[in-house]
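A.B. asks: below: sequence and its predicted model.
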Amino acid sequence: MQSKVQQPTSPSPGGAEAAVIDVEQAEAALVEHYPRLVRLAYLVLPPGLGRNRRVLTAHSVTQRALPRGRTADAPAPIPAQRGDVSRTGDPGYAYVRLKVLRSALEAGLPLRRAAWPKRAQLPPLLPQVWGLRLFPKSGGADELALDQRLSALSGPARAAYVLRGLERLDDAAVHAVLVEARCPEEDADAALAQAREMAAAEEPGAGAALLESPEFDPCSLHARPTDLMRRRQHLKAGIAAVAATLVCGALLGLPGDGWAPDGAAAPPYAKNPASQAALNPAKLTKVAPSTWKTSSRTDFSVWPARGSLTGDKGLLRRALAVWARPGSSVKVSATPGTPAGAPPGPPQLLYAGELDQARVVLLYDGLRVVRYAEPKNGTSGAALDFARADGATGAQAGAVVMDRSDGNVRYLTAPWVSKAATRDLLKPSAGARALSRTKDGVTAPFPSPALASSCTSWNALALTDSTGTRLSTDLGELVPAHLTSGSPAAPHEARPGDWATTACSLAAARSHGVRSVNSWKYAKQPLPQGNGTAEWVCTRAETWRGGGPRTLALFRAPGARAAVVAAKSQASAACGERDPQVLAGVRWKSRAGAWYLVAAGSEGVDSVAVSGRRVNGNVVAVPLARGGEVSLSGTGARGSEVPALR
């Protein structure tokens, strides 16, 4: 009969006594939950190991999680969490999970000359696979994006994110587990903060669901052969020598930073004919220079390949490889709602050439415009930018950002653009300033509002073609936002004076994936006590992803240079094509010192109610005690309700 183990007398933080487990109990927990423990180790291990070594190391650290002796002290008990009740309160599972987590964190520590390496920092002795490379099933763009975000975190931060999402532990429990895994208190606090920040940027529950996907399952694997030619060459040296060479080649001989043909790209993790074709520079689509002249389309698909380096296969190969597998040294950015995965097929080349001290490549795959940039000397410091451009036509496909530096921006303009100029939206009477272009259509640099810290001016790009002149502006993305004005039901191209009082409000739409912005002067309102006439303007920024429009109601008092924000929303249909109505109010102080609630609706608003008091018409001004609470609503045609923008 198995002997009983005495329980320690020191109380745990929760008031219960800490448990002592035996090796049979730990083994039972490890066998029952082996797939989950291996997944946990795989997610926490540093991505720089490569997928094959991560798989083997994840199995190795899990299989070495049993106690060295017959018994071991279990970790401090953690209160019941949401999730799998079969693991709640199981000291055996808590013990092996802690051992797996500790070893996975140790594997990410740098090797030091003055100290012996820890076992987890070395290639695993067991398990071993000879002559094959193993990796989990490939997931979709969401899984690839999550893997890239996890690779940017520190080891403790990855562990905190996985414990919160996969193990469903709350923050206090995650902190306790990290400290028990020999993570310093300050590192545990910083890791939790990074994990919370990353989770807050995701849809609720999306990250936890992706952690359960086959992309991160080291127990369900694909196998590919190692270098067959090398095996043939070394066959005479014996099977053992061949196997050792293959393991070293697979685990330690992967390309480093910059010397390989792929430059700053990460090591390849999968090879198949479709993906290899998409990364072959010889298969890039290059449109003829005159195609746009006979095509009925005015979008990126008819842009010709321009630039002095369109025949540089080395540069194009690096750009495609980094697009598919950006390494840790590559600075990657993507507008909201833009997938950052590899191209589905051979993309279209828009530009390849030198610009200032960099080589720049622009590519288009039908959904996204991608910019790759690297220094002229080497590939260290390469950058990769993604922007959605599906459905872009006309003005929305008129230019792409080539470079931003020293507060300036440069564009590559569409082949049908005959003239380029800049306009200061805040000074419409100043007129347009001509903008020179190279033979390839690259503009001269000019100040960008996306990089400005104040709003003393707001430059817009004016492009002229056979149909007229269109305005767009830089909001921090690859494709500038198209500017329009007028009623949402029938907007027209923006004129120089349409944005004179509201241009500074465009700062609220920076870096949000904005496709176009419309400005609509929807009402004029006589103010009480003879204070003149105020102007109401509604601006709405539509996004490339379709959701998350940014709507602002702006109020400009008489004599004011700029309008102020009275109300804003990111989830309202108001002021848009689907609902071309808007109602907003603001607290206003007269020159005599009296406070009012002034509100105005668009022409379709028949009456306005302020705290239950209804007034006919689309404007209202009601005396208001300073700090008083009020409600605002409107009624449209046939009694339909028009809610106030808030």
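C.D. replies: All right, it came through fine.

A.B. asks: from Asp498, how far out is the nearest residue to Gly486 once chain neighbours are set aside?
C.D. replies: Closest residue to Gly486 apart from its sequence neighbours, by C-beta to C-beta, 6 or more residues apart in numbering: His492 at 4.8 Å. Placement of C-beta: from N, CA and C, glycine included. To Asp498, His492 is 9 Å away according to C-beta to C-beta, to the nearest Å.

A.B. asks: my read: Arg36 touches Leu166, true?
C.D. replies: Yes: using C-beta atoms under 8 Å, Arg36 is in contact with Leu166, at 7.5 Å.

A.B. asks: more neighbours, His492 and Asp498?
C.D. replies: Neighbour totals were compared for His492 and Asp498, and Asp498 leads with 23 against 11 (other C-beta atoms under 10 Å).

A.B. asks: picking that back up, between His492 and Asp498, which contacts overlap?
C.D. replies: Both His492 and Asp498 are contacted by Ser485, under the criterion C-beta atoms under 8 Å, 6 or more residues apart in numbering.

A.B. asks: for Ala397, see how far away the residue nearest to Gly486 is.
C.D. replies: 19 Å.

A.B. asks: so the residue nearest to Gly486 touches His482, yeah?
C.D. replies: No: with contact defined as C-beta under 8 Å, His492 does not reach His482; the gap is 11.9 Å.

A.B. asks: can I assume Gln194 sits in a helix?
C.D. replies: Yes: when classified by DSSP: H, G, I helix; E, B strand; the rest coil, Gln194 is found to be part of a helix.

A.B. asks: skipping adjacent residues, who's closest to it in space?
C.D. replies: Ala157 (3.9 Å).

A.B. asks: how about the contacts made by that neighbour?
C.D. replies: 190-191, 194-195, 198.

A.B. asks: also Leu43?
C.D. replies: 150, 158, 162, 166, 211, 216.

A.B. asks: redo that, cut-off 10 Å
C.D. replies: 54, 58, 104, 146-147, 150, 158-159, 161-163, 165-166, 211, 216, 218 (C-beta atoms under 10 Å, 6 or more residues apart in numbering).

A.B. asks: again with Ser631
C.D. replies: 585, 609-612, 644.

A.B. asks: change it to 8 Å
C.D. replies: If you count contacts by C-beta under 8 Å, 6+ apart, Ser631 has them with 609-612.

A.B. asks: related to what we said a few turns ago, quick one: the residue nearest to Gln194 from Lys293, how far?
C.D. replies: Counting by C-beta to C-beta, the gap from Ala157 to Lys293 is 53 Å.

A.B. asks: ok, Arg39 next?
C.D. replies: From Arg39 to Lys293 the distance is 56 Å (C-beta to C-beta).

A.B. asks: which one of those two has more residues nearby?
C.D. replies: Arg39 (22 against 10).

A.B. asks: which SS class is the more buried one?
C.D. replies: helix.

A.B. asks: contacting residues for it?
C.D. replies: Arg39 neighbours (C-beta under 8 Å, 6+ apart): 58, 166, 211, 216-219.

A.B. asks: who wins on neighbours among the residues you listed?
C.D. replies: Going by other C-beta under 10 Å, Ala58 tops these with 28 neighbours.

A.B. asks: please report phi then psi for that one.
C.D. replies: phi -60, psi -40 (degrees, to the nearest 10).

A.B. asks: looking at it, it is touching Leu45, isn't it?
C.D. replies: Yes: with contacts counted by C-beta under 8 Å, Ala58 reaches Leu45, the gap being 6.1 Å.

A.B. asks: which residues do the two both contact?
C.D. replies: Residues touching both Ala58 and Leu45 by C-beta under 8 Å, 6+ apart: Ala104.

A.B. asks: bridging residues for Arg470?
C.D. replies: Beta-bridge partners recorded for Arg470 (DSSP bridges): Leu463.

A.B. asks: I'd say it and Leu463 touch.
C.D. replies: Yes: using C-beta under 8 Å, Arg470 makes contact with Leu463 at a distance of 5.7 Å.

A.B. asks: need the residues touching each of these two.
C.D. replies: Shared contacts of Arg470 and Leu463, defined by C-beta under 8 Å, 6+ apart, are found at 395, 398.

A.B. asks: let me see the ranges of the strands in the stretch 501-646 of the chain.
C.D. replies: In the stretch 501-646 of the chain, the segments counted as strands under DSSP state E, counting those that start in this stretch are 514-526, 533-543, 550-556, 564-569, 583-589, 595-601, 607-610, 613-616, 619-623, 632-635, 641-643.
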